[in-house]
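Asker: for reference, the sequence and a predicted model appear below.
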Amino acid sequence: MKILLLGKNGQVGWELQRSLAPLGELIALDRHAVDGLFGDLSDLDGLRATIRQVKPDVIVNAAAYTAVDKAESETELADRVNGQACQVMAEETASLGAWLIHYSTDYVFSGQGSTPWQETDAVAPVNHYGISKVAGEQAIIASGCKHLIFRTSWGYGTRGNNFAKTMLRLAKEQETLSVISDQVGAPTGADLIADVTALAIQQVMQRPELAGLYHLAASGEVSWHGYASHVIDFAQANGEQLAVTAINPIETIAYPTPARRPLNSRLNTQKLRDNFSLHLPDWQSGVTRMLREVLNK
């Protein structure tokens, strides 16, 4: 099996290099051209030519435009990377008879209510990033190509920046932190996303009827305030010297940003767990493991 991985150096892409390697020949690209192969999703012609040259059995697209606030002004770039590039990939995947694995987001939903979103719920994004991700999903589904789309939320990785690292840095500098308490979701590790992807690819090769759209997130739920508290409590319990003495909850309205954020980022993962016979661990176990690596504890 030949696998073309796009976005190899992102948080999920980095973990996918590990999880996909045992499945077959892995060609992993980032935005920089290598040997005439182009992994830059903003270069649609280069992307199409690369897929035609590689002729993969599976394309795993871990690349995306993810600057949520900048997407409000860089709408054309967000639409090209998150929408039009997906159409190119889907068309080429269909012509090859290959599989396309793609990642989407809870930001396709309105964020209203407190019930975990199901795959069948209507999309209603509240920002342009979400709009661009909906366009990508719809292009893939409309193409008729064999696909798996995983919507995930609150992703993090040990590699690169993440919310927990930011909280730890601020906790060393400030006595008081203010963290949003009315947005709720499940922090989901890039390693979990990558491992589920590898398992799912193996299963759909045997059972193509499992193709489709799935929600993928760690189990449980927490606010950003609760997440920050967990991170700082763990760090202090493991001997980190922090300046922080209080973590104050604030509402989203008190922290305005160019792009609106959904308040309800809960995802119902029942379909994924049932169809692939998977257990999704609670968010705390993944975050704690990441913290042990970050703190070398």
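Answerer: Thanks, I have it. Residues are numbered from 1 along each chain as shown.

Asker: in the stretch 1-150 of the chain, which spans are strands?
Answerer: Along the stretch 1-150 of the chain, the stretches classed as strands by DSSP state E, counting those that start in this stretch are 2-6, 25-29, 58-61, 99-105, 146-152.

Asker: who does the last one touch, helix- and strand-wise?
Answerer: In this case it means strand 146-152. The criterion is 3 or more Cβ pairs under 8 Å, 6 or more residues apart in numbering; DSSP states H and E, and the helices and strands that strand 146-152 contacts are helix 85-96, strand 99-105, helix 128-143, helix 190-206, strand 212-215. (C-beta placed from N, C-alpha, C; glycine too.)

Asker: what's it in contact with?
Answerer: Counting contacts by Cβ atoms under 8 Å, 6 or more residues apart in numbering, the residues outside strand 146-152 that touch it are 90, 93, 97-106, 108, 119, 137, 140-141, 188, 193, 196-197, 200-201, 204, 208, 210-217, 267, 272.

Asker: that strand pairs with which strands, parallel or anti?
Answerer: When sheet partners are counted by DSSP bridges, strand 146-152 sits next to strand 99-105 (parallel), strand 212-215 (parallel).

Asker: could you figure out how far it is turned away from helix 190-206?
Answerer: If you take axes from the mean of the first three to the mean of the last three Cα atoms, to 10 degrees, strand 146-152 sits at 160 degrees to helix 190-206.

Asker: show me what the next helix or strand after strand 146-152 is in contact with.
Answerer: Using DSSP states H and E, the helix or strand that follows strand 146-152 in sequence is strand 155-156. Under the criterion Cβ under 8 Å, 6+ apart, residues 11-12, 162-164, 187-190, 193, 287, 290 lie in contact with strand 155-156.

Asker: spit out the contact partners of D30.
Answerer: By Cβ under 8 Å, 6+ apart, the neighbours of D30 are 7-9, 13, 39, 63.

Asker: pLDDT value on it, please?
Answerer: Here, the pLDDT recorded for D30 equals 95.

Asker: please apply the same query to K297.
Answerer: 55.

Asker: likewise for G144?
Answerer: In the predicted model, G144 carries a pLDDT score of 96.

Asker: distance of it from L210?
Answerer: When distance is defined by Cβ to Cβ, to the nearest Å, G144 is 16 Å away from L210.

Asker: neighbour count for the two, which is higher?
Answerer: Using other Cβ atoms under 10 Å as the criterion, G144 and L210 rank with L210 on top: 15 against 11.

Asker: close enough to count as contact, the more buried one and V204?
Answerer: Yes - using Cβ atoms under 8 Å, L210 is in contact with V204, at 4.9 Å.

Asker: correct me, but G160 touches V12?
Answerer: No - in this structure, G160 is not within contact of V12 by Cβ under 8 Å, at 10.5 Å.

Asker: what about the two, which has more around it?
Answerer: Summary of the neighbour comparison: G160 and V12, criterion other Cβ under 10 Å, with V12 having more neighbours (27 against 12).

Asker: how far does stretch 228-248 sit from the chain's center?
Answerer: Averaging C-alpha coordinates over stretch 228-248 and over its chain gives two centres that are 26 Å apart (Cα atoms, centre = their mean, to the nearest Å).

Asker: noted, bye for now.
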